[in-house]
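[1] coords please:
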Amino acid sequence: MNEKVYMHGINNYGFKDYNSKIQLKVLSQILKSGALLSLRNQGISSSSNFSGFDYISLCDYEKRDCSIKGVPSNIGIYNSYYQYIICSLSLSFNKDKIEVITPTLVDYIGNSSRPYETMKEYGLKEERYSDLADEVQVKDQVPLEYLEQVTFPTISFLNAHMFFNKSSMIKGLIKEIKKVENLLKGYYYDVPIYDIETKQLMNEENIEKIVRNLKIN
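    Prediction:
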């Protein structure tokens with residue numbers, strides 16, 4: 001798995017754990033578009049995040065251990081990797097191919113009395129801002145011609161399903177990865193899929209090893 005990448009977590013629409021129906025639907029829409037698109041280019045007229053209408057948020061994977069001060073201790077490391085990437089399908093782009101803007105860091109938005117309104121205000125400014133130490137932004141679109149790999153949130157996926165044992169987990173995971181592979185190949189994107197936590201290639205042999213080594217019943 002290449003670590004010198006910018007990543008974009010597919011919108012999970014508020015679900016804490018991987019939601020297969022939503023993830024595959026959004027992935028299909030992105031692949032059909034041929035690019036990650038800003039909200040304006042998607043025809044969406046509302047925004048309440050730091051990227052606003054004209055920018056796309058990406059995670060700088062090499063900064064995944066970075067955080068800001070002032071975050072409550074119970075949250076742990078607070079950044080885009082832990083908020084989005086680790087619990088959703090994510091698309092990775094070679095850092096040498098993408099021109100990004102590094103936002104100015106602001107105080108933890110959760111301490112604001114009106115966090116969503118505050119994020120919206122920052123997002124509409126000309127200068128870019130974020131409270132996520134690993135976030136970068138790109139204006140308008142990120143072409144999928146620079147797509148290098150896809151990462152899959154194995155733990156999040158397993159947490160979202162009631163599998164009875166590790167054997168059923170393995171079968172369910174293999175089935176889900178096949179769905180993702182078929183979508184990618186259907187739009188002619190032949191890129192590898194990796195488990196986000198172990199960085200292992202998601203073939204059947206590795207999927208079985210990953211699940212067998214999980215410390216769960």
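[2] Tell me which residues touch D60, please.
    Contact analysis of D60 by C-beta atoms under 8 Å, 6 or more residues apart in numbering lists 6, 95, 100, 134-136. For glycine as for every other residue, the C-beta is placed from the backbone atoms N, C-alpha and C.
[3] how close does A35 get to L173?
    Taking C-beta to C-beta, to the nearest Å as the measure, A35 falls 29 Å from L173.
[4] which of those two has more neighbours?
    L173 (23 against 17; other C-beta atoms under 10 Å).
[5] Tell me, how many residues neighbour S46?
    By other C-beta under 10 Å, 7 other residues sit near S46.
[6] And Y187, by the same measure?
    Y187 has 14 neighbours, counted by other C-beta under 10 Å.
[7] Double-check it against S33; I have them as touching.
    No. Counting by C-beta atoms under 8 Å, Y187 stays clear of S33, with 9.9 Å between them.
[8] tell me which element the residue lying closest to E197 once chain neighbours are set aside is part of?
    Nearest residue to E197, sequence neighbours excluded (C-beta to C-beta, 6 or more residues apart in numbering): I155, at 6.3 Å. If you go by DSSP states H and E, I155 is part of helix 154-159.
[9] who's in contact with the helix or strand following that helix?
    Beyond helix 154-159 on the C-terminal side, the first helix or strand identified by DSSP H and E is helix 166-186. Contacts to helix 166-186, defined as C-beta under 8 Å, 6+ apart, come from residues 20, 24, 27-28, 31, 89, 150, 152, 154, 157-158, 161, 163, 190-191, 193, 202, 204, 207-208, 211-212, 214, 216.
[10] where does the helix or strand just after helix 166-186 sit relative to the chain's centre, distance-wise?
    Using DSSP H and E, the helix or strand that follows helix 166-186 in sequence is strand 193-195. On the basis of C-alpha atoms, centre = their mean, to the nearest Å, strand 193-195 sits 13 Å off its chain's mean C-alpha point.
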